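Asker: What would the 3D arrangement of this be:
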Amino acid sequence: MSRKGSTLPADYFERLYGGDRDPWRFRTSPYERDKYRATLAALSRPRYGRGLEAGCSIGIFTKALAARCDRLLAIDVSENALAQARQACAGIDGIEFRRAALPADLPHGPFDLIVLSEVLYYLSPADLDATADRCLDALRAEGEVLLCHWLGETDYPQSGDEAADRFIAATSGRWRVRFRRREPAYRLDVLGC
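Answerer: Below you'll find the predicted structure:
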């Protein structure tokens, strides 16, 4: 069944994580491990004050990102995923987990870093535009936004390229692309003033 056009609902992710604790193999996938390394390497600073990770899933990347942030707010639409993330990151100071759906629940900030990794293509074009608007308001002037998206075929509302390009276009009046890396399987874009 195609999901093109509409934002995927929260119950889609609850069912997904309810049936498989690690549906994308975040714990074991060489693709994920390499992508996490490249994502951290794309960040321009060694340390950020306050970070936001949207779509934190089961918290595997959250652990690595927390080491680069004084405080990190990690959000996801799935309580099943968040329960695992809290367990995976137990004992790590400075992480707060919160259930939130984009765009409506995107926190106000201010943030020094916003990470939108493999999450924007689940949104309808209108919800992606609203998320971009909210991110513009939530990021400090000197902050940066990191986008990372898988480039394979999906039945999600948008492809990885469509989602990243739309977000970049929606924010182009205030932000520019500072860094881009394109691999066969994914792309990374870092945006800021």
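Asker: Helices of the protein, start to end?
Answerer: Using DSSP state H, the helices of the chain run over residues 10-19, 30-42, 60-66, 79-88, 125-138, 160-171.
Asker: Nearest to residue 52, out of those helices?
Answerer: Proximity to residue 52 (C-beta to C-beta) singles out helix 125-138 among these, at 7.2 Å. In this view, the C-beta of every residue, glycine as well, is placed from N, C-alpha and C.
Asker: which residues does residue 163 contact?
Answerer: The contact partners of residue 163, taken as C-beta atoms under 8 Å, 6 or more residues apart in numbering, are 120, 121, 123, 128, 149.
Asker: if you set the cut-off to 6 Å instead, what comes out?
Answerer: 120, 121, 149 (C-beta atoms under 6 Å, 6 or more residues apart in numbering).
Asker: Show me the shaky parts of the protein.
Answerer: For the chain, applying pLDDT under 70 flags the ranges 1-4, 23-24.
Asker: For it, which residue occupies the most central location?
Answerer: Centroid-nearest residue in the chain: residue 116, 2.5 Å away (criterion: C-alpha atoms, centre = their mean).
Asker: Tell me, how many residues neighbour residue 89?
Answerer: Here the count is done by other C-beta atoms under 10 Å, and residue 89 has 21 residues near it.
Asker: change the start of the numbering to 8 and stick with it
Answerer: From this message on, residue numbering opens at 8, which makes the last subject residue 96.
Asker: Would you mind putting the helices of the chain into TSV with distance to residue 60 alongside?
Answerer: TSV is the format used below for the helices of the chain (distance: least, C-beta to C-beta, whole Å):
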stretch	distance to residue 60
helix 17-26	16
helix 37-49	11
helix 67-73	6
helix 86-95	10
helix 132-145	13
helix 167-178	16
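Asker: Out of those helices, which is closest to residue 61?
Answerer: helix 132-145 (8.1 Å).
Asker: Which residues does the closest one contact?
Answerer: 14, 109-110, 113, 115-116, 118, 121, 127, 173-174, 177-178, 181.
Asker: Just the buried positions in that helix, please.
Answerer: 134, 135, 136, 137, 138, 139, 141, 142, 145 (16 or more other C-beta atoms under 10 Å).
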